[in-house]
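Asks: Here you go, sequence then predicted model.
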Amino acid sequence: MSAQEKIKQTVDNNDVVLFMKGTKMMPQCGFSSKVAGVLNYMGVDFADVNVLADADIRQGIKDFSDWPTIPQLYVKGEFVGGCDIVTEMTLSGELDQLFDAKGVVYDKAAAEKIREANA
Amino acid sequence: MAMEARDIESLIRGSFPQAKITITDLAGDGNHWAAEVIDDSFKGMNRVQQQRAVYASLKGKMDGAHGELHALALTTKAPE
């Protein structure tokens, strides 16, 4: 299977996927750590793909989304954004709205706590 | 090789001549940058589309582990 096929399958088979450097338990880059941290804190059940473990995926995911940086968050097959966009959406409440609209389970109170702490 | 703030601005400026562009050195190390780009052309685009356009203006400087631009936090919006 090509890298593109693997990525497509991963994104199609998991409601929430984060392509990141390292793993959700052990991130290896501050930007990846920030996004994984938000999802963990909000109690979102997500699949993590460590791009450092596979050079083809590392390059392939950039081609897949036409986006040059990692991390990359996908919800129900749709590319949401990288660290800056996810951070903005978390603080504005747009991430909650996206999860609501897509039927992704998360802890709303935890999301509110993140916003209070960053107000 | 690290990039200077004016190099980053001029690359972005090349694609967005009328934009309000603010470049900030986040860590003071010439390696971790933030860029805010406010441009009329962003109207009607979502954030992914806006930031894709800015990345395109950087012409591969962010590519790969040895890209000249290691870290660039982007904020994009259309003028209020």
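Replies: Received the coordinates, thanks.
Asks: From now on I want contacts and neighbour counts done on CA atoms only, so please keep to that.
Replies: Will do.
Asks: Compute the distance between residue B:8 and chain A, please.
Replies: Distance of residue B:8 to chain A, given as C-alpha to the nearest C-alpha, to the nearest Å: 16 Å.
Asks: Actually, residue B:21.
Replies: 17 Å.
Asks: Quick check: that residue is in a strand.
Replies: Yes - according to DSSP: H, G, I helix; E, B strand; the rest coil, residue B:21 belongs to a strand.
Asks: Next, count neighbours for it.
Replies: 19 (other C-alpha atoms under 10 Å in any protein chain shown).
Asks: tell me the helices in chain A, going along the chain?
Replies: Shown for chain A, the helices assigned by DSSP state H span residues A:3-13, A:30-41, A:55-65, A:83-92, A:94-102, A:108-117.
Asks: Now for residue 4: which residues touch it?
Replies: No chain was given, so I picked chain A. Residue A:4 makes contact with A:57, A:60-61, A:64 under the criterion C-alpha atoms under 8 Å, 6 or more residues apart in numbering or on different chains.
Asks: was after chain B, sorry
Replies: Contacts of residue B:4 (C-alpha under 8 Å, 6+ apart): residue B:30.
Asks: Same check on residue B:58?
Replies: Contacts of residue B:58 by C-alpha under 8 Å, 6+ apart are B:8, B:11-12.
Asks: Restricted to helices, list the residues you listed.
Replies: Secondary structure defined by DSSP H assigns B:8, B:11-12 of those to helices.
Asks: Neighbour count and pLDDT added to the residues you listed, as JSON lines?
Replies: Formatted as JSON lines, the ones in helices among the contacts of residue B:58 follow (neighbours: other C-alpha atoms under 10 Å in any protein chain shown; pLDDT from 0 to 100):
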{"residue": "B:8", "neighbour count": "19", "pLDDT": "92"}
{"residue": "B:11", "neighbour count": "18", "pLDDT": "93"}
{"residue": "B:12", "neighbour count": "22", "pLDDT": "95"}
